[in-house]
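Engineer: below are the sequence and a predicted model for it; my questions follow.
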Amino acid sequence: MIKYLGSKRRLLDEITAVSCAVPGASTAVDLFSGTARVGHALKHAGFAVQANDYAAYAHVLATCYVQADAERWTHEAEALLAELQAVSPAPGYVTRTFCEEARYFTPENGARIDAMREAITARALPPELEAIALTSLLEAADRVDSTTGVQMAYLKQWAPRAHKPLTLRLPALLPRAAGGRSAAHHLDALKAAAALTGHIAYLDPPYNQHSYLGNYHVWETIVRWDTPEAYGVARKRRDTRARASIFNSRPRHADAFRRVVETIDARVLIVSFSNEGWLSRDTLLEMLAPRGEVLVLDHDYKRYVGAQIGIHNRRGERVGAVSHLRNTESLYVAGSAVDVDAVRRTKQ
């Protein structure tokens, strides 16, 4: 799956173990699905998952990894990806905007992305098959990009991987879960909280001012394929400002998340939050207390790669010091249906 700030790759085993420790649970909601890693892991564990995200690229990833079933699409997807791989490169919007005006990809790979994306559009594919093709294209582009993992900037010198030819691979599709059919939704989080239900709800909201849409605007543009006006050195979409999430607003964040917690229909909530976020541990415990006993599982990690590199100006000169290099990611498990002893055993 694509490189992603805030990815819960290292927490997947524990999130899955905690979910499986809820007696009788077979359905789950992933309200802020992002790369769909968590939804994919829960589907693999047998849950019927309702995944949701407001970003178009995230909805595509969830449609591929959560909604689409391997037994239905694998054969057709393999044939389609072979056809797309054979398409002749043709420079277009990606090449101009992200290779010539910026340096996210080499022009050769930009022309491949342009041609493959046009070919996907021309085929008018069923939504799930289109999502599989787009996911393969995003992941192929991610493997040859020249960034530190976010699209706020690109490396001064080409990353070695950038010179490799873009190659499509079949995403890791899963068979339908024992719990039933899963689905991907493209809703505002507050509307999704009122509409979706599950035995478990996994909540991983944006927790500070950093916008996922801004950090991954290239993926958004490739998925939407709307050739937007771009601005700045990063060539970001102009609508990233107009489409800012309420969860990226310090004055509005707490109220918005409280409304989600109070609204969503689930027996157990699993909340992922960082100590770098705008809500303190005490505030989160107070919000979750009405749901039942709250267990907190803490994890100490290195901060994202950008923090390790440090602060630089546009000339590549180091201009500031990073305040800290580690942070704490916490899972808050709330609900009277939780088998607390089983959850605690996941830490042993």
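Structural biologist: Perfect, thanks for sending it.
Engineer: for the rest of this, base every contact and every neighbour count on C-alpha atoms.
Structural biologist: Fine.
Engineer: what about residue 172, neighbour count?
Structural biologist: 13 (other Cα atoms under 10 Å).
Engineer: distance-wise, check it relative to residue 64.
Structural biologist: Going from residue 172 to residue 64 by Cα to Cα, to the nearest Å gives 9 Å.
Engineer: quick one: residue 35 and residue 61 touch, right?
Structural biologist: Yes. The criterion here is Cα atoms under 8 Å, and residue 35 meets it with residue 61 at 6.1 Å.
Engineer: of the two, which one has the most company?
Structural biologist: residue 61 (30 against 25).
Engineer: and that one, that one's in a helix?
Structural biologist: Yes. Assessed by DSSP: H, G, I helix; E, B strand; the rest coil, residue 61 belongs to a helix.
Engineer: tell me where this structure has strands.
Structural biologist: Assignment of strands within the chain using DSSP state E yields the ranges 27-30, 48-52, 183-185, 200-203, 230-231, 236-237, 268-274, 294-302, 311-312, 318-320, 326-334.
Engineer: pLDDT score assigned to residue 177?
Structural biologist: pLDDT, residue 177: 98.
Engineer: what's the closest non-adjacent residue to residue 333?
Structural biologist: Once flanking residues are discounted, residue 333 sits nearest to residue 270: 4.7 Å by Cα to Cα, 6 or more residues apart in numbering.
Engineer: and the one you found, what does it touch?
Structural biologist: When contacts are counted by Cα atoms under 8 Å, 6 or more residues apart in numbering, residue 270 is found next to 15, 200-203, 331-334.
Engineer: show me the chain divided up by domain.
Structural biologist: 1-66+176-206+253-348, 70-173+207-244 (automatic domain parsing).
Engineer: lowest mean pLDDT across these, which one is that?
Structural biologist: The lowest average pLDDT among the domains of the chain, as it happens, falls on domain 1-66+176-206+253-348, at a mean of 86.
Engineer: distance from the chain centre to stretch 264-280, please.
Structural biologist: Distance of stretch 264-280 from its chain centroid, counting by Cα atoms, centre = their mean, to the nearest Å, is 16 Å.
Engineer: quick one: buried residues of that stretch?
Structural biologist: 264-274, 278-279 (16 or more other Cα atoms under 10 Å).
Engineer: end to end, how far does it reach?
Structural biologist: Stretch 264-280: ends 21 Å apart by Cα to Cα.
Engineer: go on, stretch 266-279?
Structural biologist: With Cα to Cα, one end of stretch 266-279 sits 22 Å from the other.
Engineer: same thing with stretch 168-188?
Structural biologist: In stretch 168-188, first residue to last residue: 31 Å (Cα to Cα).
Engineer: how about TSV for the strands of the chain, with distance to residue 112 added?
Structural biologist: Formatted as TSV, those follow (distance: least, Cα to Cα, whole Å):
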stretch	distance to residue 112
strand 27-30	33
strand 48-52	30
strand 183-185	28
strand 200-203	36
strand 230-231	21
strand 236-237	21
strand 268-274	37
strand 294-302	35
strand 311-312	32
strand 318-320	35
strand 326-334	38
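Engineer: with respect to residue 89, which of these lies nearest?
Structural biologist: Residue 89 lies closest to strand 230-231 among these, at 22.9 Å (Cα to Cα).
Engineer: name the nearest residue to residue 227, sequence neighbours excluded.
Structural biologist: Using Cα to Cα, 6+ apart and skipping residues adjacent in sequence, the residue nearest residue 227 is residue 93, 6.4 Å away.
Engineer: look up how far residue 235 lies from the one you found.
Structural biologist: From residue 93 across to residue 235, the span is 12 Å (Cα to Cα).
Engineer: residue 147 now?
Structural biologist: Remark: distance between residue 147 and residue 235 (Cα to Cα) = 14 Å.
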